[in-house]
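Participant: here is my input, please return the structure:
(one chain, ligands or ions: 1)
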Amino acid sequence: MPSTPARRLSVRAICLAAVTFTTVAVTAGVAWAAYTDNMYPTPYANLGCHDENGPDGKVSCQTDNATLTYYMDSSGSNKLETVDRNAVNNVMTNVYGPTDFSVSYDSTPSFSGGAETDIVYQESSTGVSASADGVTFCNNAADSLRCDQQYVRIRGGGHFVKGLTCHETGHAVGLVHGNQASPQKSKTDEALGCMETPTSSDEGLQANNIANINATY
Ligand SMILES: [Zn+2]
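Facilitator: Next up, the predicted model:
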């Protein structure tokens, strides 16, 4: 589908909505000097991590450990073209690679068992709300806190760019929007880096997201 000029300039990611699921206890990680705690769970993002059959835009989960593996669909209707693959590889290597995560591409992905490939990227609009260009959802929760395998779907037509890839990957490791951070911040607060909404195309993690990741993993 053709993209509009507005979408080329500004990508949007799905917003989390309040629903009534079991909540998880929030243990505040405040013994460190971050600007705000935007790592799930927070007092404003505490729905229990659980399996989702498809994107519902409501659930946040941490990933299950500091070894972060990823895979990109390379065939079929959800495959990433070379330019999209290059964008994802760049974000994983140069944005998430320098954090405390040990990041690697999994060319022989696992989709079952207890050690699934952590993030699967698809070029797809299936289940992506009309107001968003990407979505992240948990395919297999490890427990109420962590997900063993997350899917990231981003629309075709040039939306696999650094900022939105960083944003959806952030959700896949537990980062939330500013309005769900503690203390709460504007969703457009510049200190949130690529977790801002809308997300600029060239955003990276910046200090606050890195601090939250490194305090968690
Ligand atoms: Zn988002």
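Participant: just the buried residues of stretch 80-93, please?
Facilitator: Under the neighbour-count criterion of 16 or more other CB atoms under 10 Å, stretch 80-93 has 80, 84-85, 87-88, 91-92 buried. Backbone N, C-alpha and C define where each C-beta goes, glycine included.
Participant: what residues does that stretch touch?
Facilitator: Residues outside stretch 80-93 that contact it (CB atoms under 8 Å, 6 or more residues apart in numbering): 68, 70, 72-74, 103, 105, 121-123, 154, 160-162, 165-166, 169.
Participant: ok, stretch 136-152 next?
Facilitator: Stretch 136-152 is contacted from outside by 14, 22, 24, 41, 48-52, 54-57, 59, 61-64, 111, 114-122, 127, 134-135, 153, 165, 168-169, 171-172, using CB under 8 Å, 6+ apart.
Participant: where along this structure do the helices fall?
Facilitator: Ranges of helices in the chain, per DSSP state H, are 5-9, 82-91, 162-172, 206-216.
Participant: need the winner for burial among these.
Facilitator: Most buried of these by mean neighbour count (mean count of other CB atoms under 10 Å) is helix 162-172; its value is a mean of 27.
Participant: mean confidence for it?
Facilitator: When pLDDT is averaged along helix 162-172, the result is 98.
Participant: got it, and stretch 149-156?
Facilitator: According to the model, stretch 149-156 has a mean pLDDT of 96.
Participant: just give the closest residue to the spatially most central residue of the chain, not the sequence neighbours.
Facilitator: Geometric centre of the chain, nearest residue: residue 171, 2.5 Å, by CA atoms, centre = their mean. Nearest non-adjacent residue to residue 171, counting by CB to CB, 6 or more residues apart in numbering: residue 136, 4.0 Å away.
Participant: burial of that neighbour, as a residue count?
Facilitator: For residue 136, the number of neighbouring residues by other CB atoms under 10 Å comes to 26.
Participant: rewinding a little: now the buried members of the contacts of stretch 80-93.
Facilitator: With neighbours counted by 16+ other CB under 10 Å, those contain buried members at 68, 70, 72-73, 103, 121-123, 154, 160-162, 165-166, 169.
Participant: for residue 8, give me the pLDDT.
Facilitator: At residue 8, pLDDT is 37.
Participant: could you do the one 4 residues further on as well?
Facilitator: At residue 12 the predicted local distance difference test score is 44.
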